[in-house]
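Engineer: pasting the sequence and the predicted model now:
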Amino acid sequence: MNNPNPTRWGILACGKIAEKFADDLVAHVPDGVVYAVASRDLMKAQIFGQKYGATKIFNSYQELVDCPEVDVIYIASPHALHYEHTLLCLEAGKAILCEKAFAINTTMVKEMMAKSKEKNLFLMEAIWTRFHPAIAQTLDIIQSGQIGDIVHIAADFGFKAVYDEEARLFNPSLTGGALYDIGIYPLFISKLILGNPKEIKAVATFAPTGVDVNTALSLSYENGATASLFSTLNAQTDTTCTIYGSKGKLFLHGRFHETKGLTLTIEGQEPQFFETERLGHGYSYEAQEVQRCLKLRKIESDKLPLQFSLELMELLCEIRQQIGLVYPQEV
């Protein structure tokens, strides 16, 4: 039986990521509906809205945020616009799930957080990986002590992108580059498991447009652990994560940020494979977390608090400073 009072989602921007989110919302979140969609391209909004059964279709974001029936808005615009669109939604009184990277820099994230608290409205960065069952299982294995103390984490994420200086991935005005688009995932998993590093060393190579196409990171932590992280737009990598401990290791199969399998290897024992759940594309879990928080009248998630997103952005900005990457909005 359908819920007579579902959470009514508005979707701001109708690109590929929004399609995946909407696919999973419709298929795997029984208490949520795609109620309204908005794109600056009316035809795009109409096609998107009709596909997902939206009640309201808009070709301006202002109309979307002003729609009184919308309970929460999923912001799926390019990174460079997240700050602007988050403030637009919060000023209109809307709860928000905003795609990663949360914004361009820490100043913007702090303003977003302050506005959320001022308006007493829910805000969360859409780091979907945090809510996957595989990540919960990973944390359980680590906390059980089966692999001992964490010694090192190695994680990568790369794919070969067709170079187009106007495309989102390579356009500095759209906050392009490997780091913000995919490098955030290795950085996220290392932070989730080991916390904030005491030292980061970063190197990068660049596209003709000035954004990073290869970024490699070496990190060290107060507990003596280290991490090696890599992201690239120039090659298809394994996109795996290995967590090495003093008693064994845990391998997150590719692609690790949406993995369906873990392999646990304890010294002197046969490896154990664990199949993990991933419904659809894997976006339903973050939507369910948002709805859970809204029902409890929370303004942030305790699994992915705003402070975590701020600290993650601080790391991203530190890396950009080291490699010399400045976006046009900051000049």
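Structural biologist: Right, received. Where do you want to start?

Engineer: where exactly do the strands run in the chain?
Structural biologist: Taking DSSP state E, the strands of the chain run over residues 7-12, 32-38, 56-58, 72-75, 95-99, 123-126, 150-158, 199-206, 212-220, 226-232, 241-245, 248-252, 261-266, 272-275.

Engineer: just give the nearest non-adjacent residue to the most centrally placed residue in the chain, would you?
Structural biologist: When CA atoms, centre = their mean is applied to the chain, the residue found nearest the centroid is Ile127 (2.7 Å). Closest residue to Ile127 apart from its sequence neighbours, by CB to CB, 6 or more residues apart in numbering: Lys100 at 5.3 Å. Placement of C-beta: from N, CA and C, glycine included.

Engineer: and that neighbour, how many neighbours does it have?
Structural biologist: By the criterion of other CB atoms under 10 Å, Lys100 has 22 neighbours.

Engineer: report the distance from the longest helix along the chain to the chain centre.
Structural biologist: Ranked by number of residues, the top helix in the chain under DSSP state H is helix 306-323. Centroid displacement of helix 306-323 relative to its chain, using CA atoms, centre = their mean, to the nearest Å, is 14 Å.

Engineer: before we move on, the earlier item: from Leu169, how far out is the residue nearest to Ile127?
Structural biologist: 15 Å (CB to CB, to the nearest Å).

Engineer: likewise for Lys117?
Structural biologist: The gap separating Lys117 from Leu169 is 33 Å, by CB to CB.

Engineer: again, but for Ala235
Structural biologist: In terms of CB to CB, Ala235 sits 14 Å off from Leu169.

Engineer: among these two, which residue is more densely surrounded?
Structural biologist: Higher neighbour count among Ala235 and Leu169: Leu169, with 24 against 12, using other CB under 10 Å.

Engineer: confirm for me that the more buried one is in contact with Leu233.
Structural biologist: Yes - Leu169 is in contact with Leu233 according to CB atoms under 8 Å; the separation is 6.0 Å.

Engineer: give the residues shared as contacts by these two.
Structural biologist: Counting by CB atoms under 8 Å, 6 or more residues apart in numbering, the common neighbours of Leu169 and Leu233 are 161, 177, 181.

Engineer: nearest residue to the last one other than its sequence neighbours?
Structural biologist: Residue nearest to Asp181 in three dimensions, not counting chain neighbours: Leu169, with 6.1 Å by CB to CB, 6+ apart.

Engineer: the first one now?
Structural biologist: In this structure, Ala161 finds its nearest non-sequential neighbour in Leu233, 4.4 Å apart by CB to CB, 6+ apart.

Engineer: phi, psi for that neighbour please.
Structural biologist: phi -110, psi 10 (degrees, to the nearest 10).

Engineer: burial check on it, number of neighbours?
Structural biologist: 25.

Engineer: might one say that it is in contact with Val162?
Structural biologist: No - using CB under 8 Å, Leu233 makes no contact with Val162, being 9.6 Å away.

Engineer: number of residues surrounding Thr242?
Structural biologist: Thr242, neighbours per other CB under 10 Å, totals 18.

Engineer: buried residues, stretch 189-207. List them.
Structural biologist: 189-194, 197, 200, 202, 204, 206-207 (16 or more other CB atoms under 10 Å).
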